[in-house]
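# sequence plus the predicted model coming up.
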Amino acid sequence: MLAFILRRILQSIAVLLTVGVVAFSLFRYVGDPINAMVGQDTSMEERAALRDKLGLSDPAPLQFLRFIGNAAQGKFGLSYRTSEPVGRLILERMPATLELSICASLFVMVLGIPMGVYTGLYPRHWSSRLLQAVSLVGVSLPPFLIGILLILLFAVVLRWLPSFGRGSGTVNLGWWTTNFLSWEGIKALILPSITLGLFQLTLIMRLVRSEMLEVMRTDYIKFARARGLTNRAVNFGHALKNTLMPVITVAGLQLGALIAFAIVTETVFAWPGVGQLFIQSVQFSDIPVMAAYLMLIGFLFVIINLVVDLLYFVVDPRLRSQGGAARVGGH
Amino acid sequence: MWADTDVKAWLARAADSDVWWSFKSSTLTIVAAGATLLIIAIALLSPLLAPHTPFDPATLSLSDGLKPPVFWSADGDWTFPLGTDDQGRDVLSSIMYGTRLSLLVGFASVVVAMVLGITLGLLSGYLGGMLDAVIMRVADVQLTFPAILVALLIDGVVRGLISVQRHDEIAIYVIVGAIGLSFWVQYARTVRSSVLVEKNKEYVQAARVIGLSPLLIMVRHVLPNVTGPVLVIATLNLGLAIISEATLSFLGVGLPSTEPSLGTLIRLGNEVLQSGDWWITVFPGATLAALVLAVNLLGDWLRDALNPKLR
């Protein structure tokens, strides 16, 4: 188990380094950082002097090490667009994106898993067929379209919910502004969270459904029924538990995807998060922000993948018992 | 070229095949195929069918602006059956031309992804060694990121390298390249794993013994045996590619508003949505959803039909 975890950590570091190389190449070779800093009338000598002073004439590997060192401390230079430190720009907008992603993944898990279990247990019931058909439509609707339709219905026609930004209900807790502490704030979260989560919801539902269908056919489920266990014990204690492995994998990957897809949702709802910042930086080709966002997302994905791998050991006792003999003495 | 009898024999074989049988026996698939063909036909013929040329400024009149659809309100005008946008452009004609662009970008980027993925997958699987290791590690890293993010990054980088005016001119190529590059991994992995199986089979060894070049063996002998899975991925990817293009255009980094795809139309409509003029957004949106749904149904069917394990 330890060897497995060590290997995974080494792989994660390799992935992060590759992402670092891409981010560094963007930073260094796409667009000239000097051009972004000085005016038109700066002479070539002054530019060269500035280049030397900033270390841009050093060999590329040395610059790369410096870039990684700075990145590890959250220093990504100044945005070309607003001239603010990129690290601070991202940090200011992080709470909005994180709260949105957490809300969306709660929505996905709380609704998706029970819906998958239900359609898996009663595949022939008309309501299961309906859910299945609706989920196919859900997969085919791009998230931004879902957002627009929700805004049209709930904000423009019915006027129940706000459609723009985080609303007036944000509470400032020093370095973190939250939507969770006021009714206005929670109302502002509803539509964006549904938009962000709907695609993932259909994915999770279909996955749990097909896993449940498969598990329900196995012998141990028949045996559990023969032992006279209650439906609840069979369905949840025995069946659902064994569908969790692939669900955890996909759910983990989907959490990453949620943070990335937040780009689209944040644009639709003018939500002031990191995704919106990223889109603005793509439009203005604001390379430092793009490089920093790439590193941040890479880091998040690697962490999520690691956590998912570790969760396998919690969920699947077979993995723990492999080489278990060596571990009998101590833990 | 093919003799007449060859074509007849081929048709007879096709009519007798499992794939055709499973197609005939699924009503949903036939409907999906019909809808897909209909949308493609209308899109291709849009210059002939469309009642207006919406992106020729000379034919527009602002006094026609924001007309509702005919069935919605008495203000509607039969020259603009689905209404007009704020510039007086006919929504129906815009959708026809927009669908054409969306389909074009979708097909083109699937082809780019397919060619790139198949080439790298063949090389990786057949030659192995360092090349294989490098290609597959790059694939792993890219797979860590959602495709749309990769496409956005590529688009952003190209914007950094060229000027804005130049970018609008070549926007369609940039988009095709960005989406193509973000989807190659799946093809490469599938082709590589099939090649690993195929390359130790006797027919490949025989080809090697009679001294054929590796290139010839890969293209003429190995490639035809991996086309099934590639075709399934391509169909399923077409829906994703169309969604990706629409998403990029919606985000304002795709096709410019002078040459709008369905995604661009939805973005333009979204800007005036708050005033309640829903038809500018909803009709292009419904077209996009119908197109993607039909293509996805076809992809699902093809995957099941070509996979004997599921039968």
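Received the coordinates, thanks.
# biggest helix in chain B by residues?
helix B:91-127 (DSSP state H).
# is that one in proximity to chain A?
No. Counting by Cβ under 8 Å from any Cβ of the partner chain, chain A has no neighbours in helix B:91-127; the shortest distance is 11.3 Å. C-beta: built from backbone N, CA, C; applies to glycine.
# near chain A, which residues of the stretch 201-311 of chain B are found?
By the rule Cβ under 8 Å from any Cβ, the part of the stretch 201-311 of chain B lying against chain A is B:239, B:243, B:246-247, B:250-253, B:266, B:270, B:273-274, B:276, B:278, B:281-282, B:285, B:288-289, B:292-293, B:296-297.
# what do you get if the cut-off is 7 Å, keeping everything else the same?
Contact residues (Cβ under 7 Å from any Cβ of the partner chain) of the stretch 201-311 of chain B with chain A: B:239, B:243, B:246-247, B:250-253, B:266, B:270, B:273-274, B:276, B:278, B:281, B:285, B:288-289, B:292-293, B:296.
# dump the residue contacts of the residue nearest to the spatial centre of chain B.
Closest residue to the average C-alpha location of chain B: B:Gly106 at 2.5 Å, with Cα atoms, centre = their mean. With contact taken as Cβ atoms under 7 Å, 6 or more residues apart in numbering or on different chains, B:Gly106 is in contact with B:238, B:241-242, B:245.
# just the ones of those residues in helices?
Among the contacts of B:Gly106, the members found in helices (DSSP H) are B:238, B:241-242, B:245.
# just the buried ones from the residues of the stretch 201-311 of chain B next to chain A?
Among those, the ones that count as buried by 16 or more other Cβ atoms under 10 Å in any protein chain shown are B:239, B:243, B:246-247, B:250-253, B:266, B:270, B:273, B:278, B:281, B:285, B:288-289, B:292-293, B:296.
# which secondary structure elements does the helix or strand harbouring A:Arg88 sit against?
Using DSSP states H and E, A:Arg88 falls within helix A:86-121. Applying 3 or more Cβ pairs under 7 Å, 6 or more residues apart in numbering or on different chains; DSSP states H and E, we find helix A:86-121 packed against helix A:126-140, strand A:176-178, helix A:183-216, helix A:241-268, helix A:274-283, helix A:287-315.
# next, the buried residues of the fourth one.
Within helix A:241-268, the residues that qualify as buried by neighbour count (16+ other Cβ under 10 Å) are A:242-244, A:247-268.
# would you mind listing what in chain A touches chain B?
A:15, A:18-19, A:26, A:30-31, A:137, A:139-142, A:144-145, A:148, A:151-152, A:156, A:257, A:260-261, A:264, A:267, A:279, A:282-283, A:285, A:287, A:290, A:294, A:297, A:301.
# for ChimeraX, write a command that selects the buried ones of the residues you listed.
Remark: buried members of the residues of chain A next to chain B, expressed as a ChimeraX selection using 16+ other Cβ under 10 Å:
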select /A:15,18,19,26,30,31,139,140,141,142,144,145,148,151,152,257,260,261,264,267,279,282,285,287,290,294,297,301
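# sitting in helices, which of the residues of the stretch 201-311 of chain B next to chain A do you find?
Going by DSSP H, the helices hold B:239, B:243, B:246-247, B:250, B:266, B:270, B:281, B:285, B:288-289, B:292-293, B:296 from these.
# greatest separation within the residues you listed: which pair is it?
B:Asn270 and B:Asn296 (23.7 Å; Cβ to Cβ).
# can you name every helix or strand that the helix or strand hosting B:Leu37 contacts?
Assigned by DSSP H and E, B:Leu37 belongs to helix B:27-44. Contact partners of helix B:27-44 among helices and strands, from 3+ Cβ pairs under 7 Å, 6+ apart: helix B:91-127, helix B:279-306.
# run the last query once more with 8 Å
Here helix B:27-44 touches helix B:18-24, helix B:91-127, helix B:279-306, going by 3 or more Cβ pairs under 8 Å, 6 or more residues apart in numbering or on different chains; DSSP states H and E.
# what angle do helix B:27-44 and the last one make with each other?
With axes from the mean of the first three to the mean of the last three Cα atoms, to 10 degrees as the basis, helix B:279-306 and helix B:27-44 are set at 130 degrees to each other.
# flag the shaky bits of the stretch 201-311 of chain B, pLDDT-wise.
Scanning the stretch 201-311 of chain B for pLDDT under 70 picks out B:276, B:307-311.
# swap the cut-off to 80 and go again
Regions of the stretch 201-311 of chain B meeting the criterion pLDDT under 80 cover residues B:226, B:228, B:254, B:256-259, B:271-280, B:303-311.
# what separates the helix or strand hosting B:Asp155 from the chain centre, distance-wise?
Using DSSP H and E, B:Asp155 sits within helix B:147-161. Put simply, helix B:147-161 sits 18 Å off its chain's centre (Cα atoms, centre = their mean, to the nearest Å).
# ditto for stretch B:288-296
Between the centre of stretch B:288-296 and the centre of its chain there are 11 Å (Cα atoms, centre = their mean).
# can you check stretch B:283-298 too?
With Cα atoms, centre = their mean, you get 12 Å for stretch B:283-298.
# got the contact list for that stretch?
A:136-137, A:139-142, A:145, A:148-149, B:28-29, B:32-33, B:35-36, B:39, B:69, B:82-83, B:91-92, B:94-95, B:98-99, B:102-103, B:235-236, B:238-239, B:242-243, B:246, B:262-263, B:265-266, B:269 (Cβ atoms under 8 Å, 6 or more residues apart in numbering or on different chains).
# which among the residues you listed end up buried?
Among those, those classed as buried by 16+ other Cβ under 10 Å are A:139-142, A:145, A:148-149, B:29, B:32-33, B:35-36, B:39, B:69, B:82-83, B:91-92, B:94-95, B:98-99, B:102-103, B:235-236, B:238-239, B:242-243, B:246, B:262-263, B:265-266, B:269.
# on that earlier part again, what would the helices and strands packed on helix B:27-44 look like in a markdown table with distance to A:Arg8?
Output for those, formatted as a markdown table (distance: least, Cβ to Cβ, whole Å):
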| stretch | distance to A:Arg8 |
| --- | --- |
| helix B:18-24 | 41 |
| helix B:91-127 | 23 |
| helix B:279-306 | 31 |
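# which one of those helices lies closest to B:Val157?
Nearest of the helices and strands packed on helix B:27-44 (Cβ to Cβ): helix B:91-127, 16.6 Å.
# quick one: buried residues of the closest one?
Neighbour count says helix B:91-127 has B:91-110, B:112-114, B:116-126 buried, by 16+ other Cβ under 10 Å.
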